[in-house]
Structure formats: C-alpha cells, structure tokens
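Colleague: structure here, sequence nowhere to be found:
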C-alpha cells in the first residue's frame with residue numbers, strides 16, 4: 001500500500017493565491033497537537049483538585065447576588081497551580097476587624113479536560129466555562145477557594161485557538177451556604193461554621209433525632225438540618241433553617257420519625273462560633289440604653305410635656 005503524505009484540509013499554500021488562502025491560523029492537526037501538549041503538561045505538573053459548582057437558590061435582581069447558594073457536587077479534575085512559591089495576595093493581614101487571611105491563587109484548567117470532567121457531567125450557571133462564584137477545593141492544603149475572575153484569552157490565541165481556562169481565586173469566606181458534596185472534609189466546613197440555633201424541647205417526646213437528617217415543623221412547615229440532639233437535656237441544635245419555628249409546634253424527623261414539641265427558640269445565639277456575641281448584646285443592651293424613653297434627645301417644644 002502506497003503511503004501518501006497529504007496536507008491538512010485547512011493548510012496554507014506558500015503562493016498566497018486566493019484559492020490557497022488559509023481559513024484558520026493553523027491546521028486542525030497542529031491545534032490538536034498543542035492542545036495535547038497542554039493536557040500532558042497539566043497532567044504531569046498539575047495538582048488534583050475538586051471543582052464545586054454553585055447552585056443559585058435566591059438571586060437578588062438588583063445586586064445580581066445569591067445570598068442562599070448551595071454546593072451539592074464536586075468533580076475531580078487536574079489543575080496547574082500558577083504560583084509554585086506559595087499563595088499570592090496579602091496573606092495574614094491585621095485590620096481593624098481583626099486578622100484577615102487574604103490568600104489568592106490562580107488555577108489553570110485544560111479546556112478539553114474541563115469539558116470532559118466538569119461541563120459534561122454537571123449543570124453550570126453559565127455552560128461551557130468555569131463560573132465566577134464556583135468553588136475549588138484544594139485537598140493537599142485543605143483550602144477552599146472561590147473563583148473571582150476567569151481569564152479566557154491567555155495565552156492569546158496560539159495557532160488561532162485558546163486551550164486553557166485561567167481562574168483567579170481568593171480564599172472563600174463562608175456565609176451560611178449549604179455544602180453537601182459528599183466529600184467529608186469539605187462538607188465539614190458547613191457543620192463547623194453554619195449558623196447553629198438551639199431549640200429547647202418539651203418533655204415527653206418520642207424517638208431520637210439523628211445528625212444530618214431534616215426536621216420539619218408541623219405548624220410552620222419550616223425545615224432545618226440536625227447538627228446534634230441531646231435527649232437528656234432536651235436540646236436540639238439545627239443548621240440550614242428555611243425560616244423560623246413556632247413555639248409550641250411539633251418537630252418531626254425525616255428519617256428517624258422522632259417527634260418532639262418546641263419549648264424555647266433563640267435565633268441569635270449561634271452555637272458554632274466561640275466569639276459570637278449577638279445574644280450577649282441583646283441581653284445587656286437594656287442596661288446601657290433606656291428604650292422606654294420616647295425621645296432620647298428630649299422633648300423641646302412639646303405641647304404635651306409640661307416639664308419644660
């Protein structure tokens with residue numbers, strides 16, 4: 001069989017005639033070769049990470065923000081960490097609000113592998129590319145980053161195409177989002193930092209609530225996730241509330257079928273934060289400010305106050 005070395009379909013002829021002018025900057029074979037080199041480089045020098053897409057729950061039409069985001073899946077993929085000398089950003093920064101950790105980094109994905117491992121298997125808010133607001137879990141250092149910006153044109157059209165997504169990320173600041181990805185270390189962030197509220201229960205309930213199950217209020221239809229339950233003290237601690245429970249009302253466990261009646265309920269006493277002081281301020285403020293005063297600046301000119 002004769003071997004024929006035929007030129008690529010979208011080749012460039014050297015005589016620059018109209019018939020041979022190129023339809024692209026390079027042949028598809030050359031572009032595929034560069035793409036394979038990029039994939040191989042990231043596979044060799046990259047790190048295993050998890051891409052965590054955001055599910056929008058309640059989008060603000062004015063600020064275009066989602067205050068109640070969910071993260072319900074995580075996809076393993078290989079990414080290149082752009083700075084091998086450590087995190088970028090200002091690091092540990094002492095501000096008037098205390099110490100802030102402002103680590104930043106840049107993750108680079110192969111477009112081909114991103115489509116294969118992420119885009120084809122999950123629904124993204126903007127299909128076909130990494131999304132700002134999505135998260136990246138870096139298991140080696142146990143850091144969780146949020147994508148702030150996706151650079152789509154760097155490097156700039158090598159041989160007429162782009163081959164990577166460059167994601168500029170900052171350390172994620174948790175704000176009571178729901179995280180249920182199936183990765184234990186990642187999901188533990190929610191358990192440790194979510195707003196955890198104590199519900200006091202009336203004696204005489206049945207069954208035992210289990211951690212992680214959903215309880216539902218019989219009157220309010222409010223749902224919440226159980227963090228812990230102590231039957232001896234009749235104390236239920238919940239996270240991820242959909243609203244405010246009524247007192248009294250019957251709470252029923254979704255999987256345990258336990259049934260208890262609420263007795264007390266405090267929405268500002270967060271059990272997860274050691275330094276949370278909302279409940280302290282609410283309790284002590286009456287000793288500082290007299291809220292019985294109708295006008296703390298006096299009643300000058302009043303036609304009803306005869307003391308002035």
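Modeller: Alright, I've got the coordinates. The structure presented is a predicted model; accordingly, all values stated were derived computationally and were not measured. Numbers count the residues shown, from 1 in each chain.
Colleague: for the one helix or strand residue 101 maps to, name the packing helices and strands.
Modeller: For residue 101, the host element (DSSP states H and E) is strand 98-110. In terms of contacts (3 or more C-beta pairs under 8 Å, 6 or more residues apart in numbering; DSSP states H and E), strand 98-110 is packed against helix 28-45, strand 75-81, strand 88-95, strand 143-151, strand 164-171. C-betas here are computed from N, CA, C, even on glycine.
Colleague: between strand 164-171 and the first one, find me the angle.
Modeller: In this case it means helix 28-45. With axes from the mean of the first three to the mean of the last three C-alpha atoms, to 10 degrees defining the directions, helix 28-45 sits at 30 degrees from strand 164-171.
Colleague: returning to that earlier point: now do the buried residues in the strand holding residue 101.
Modeller: Under the neighbour-count criterion of 16 or more other C-beta atoms under 10 Å, strand 98-110 has 103-110 buried.
Colleague: and the residue lying closest to residue 174 once chain neighbours are set aside, how far from residue 265?
Modeller: Distances taken as C-beta to C-beta, 6 or more residues apart in numbering place residue 193 nearest to residue 174, at 4.9 Å, with adjacent residues excluded. According to C-beta to C-beta, to the nearest Å, residue 193 stands 21 Å off from residue 265.
Colleague: return the item of the buried residues of strand 98-110 having minimum pLDDT.
Modeller: Minimum pLDDT for the buried residues of strand 98-110 is recorded at residue 103 (84).
Colleague: could you check how far the closest residue to it other than its chain neighbours is from residue 143?
Modeller: Sequence neighbours aside, residue 87 is the residue nearest to residue 103 in space, at 3.9 Å (criterion: C-beta to C-beta, 6+ apart). To residue 143, residue 87 is 8 Å away according to C-beta to C-beta.
Colleague: where do the contact lists of these two overlap?
Modeller: Shared contacts of residue 87 and residue 143 (C-beta atoms under 8 Å, 6 or more residues apart in numbering): residue 103.
Colleague: and residue 8, what pLDDT?
Modeller: Among the per-residue scores, residue 8 holds a pLDDT of 48.
Colleague: am I right that residue 227 is in contact with residue 235?
Modeller: No. Look at residue 227 against residue 235 with C-beta atoms under 8 Å: they stay out of range, at 10.9 Å.
Colleague: give me the more crowded residue out of the two.
Modeller: residue 227 (22 against 15; other C-beta atoms under 10 Å).
Colleague: can you list contacts of the strand holding residue 101?
Modeller: Strand 98-110 is contacted from outside by 35, 38-39, 42, 46, 49, 77-83, 87-94, 130, 136, 143, 145, 163-171, using C-beta under 8 Å, 6+ apart.
Colleague: taking strand 143-151 as reference, get the angle to that strand.
Modeller: Angle, strand 98-110 to strand 143-151, by the same axes, to 10 degrees: 60 degrees.
Colleague: can you list the low-confidence ranges for the stretch 151-300 of the chain?
Modeller: For the stretch 151-300 of the chain, applying pLDDT under 70 flags the ranges 275, 289-300.
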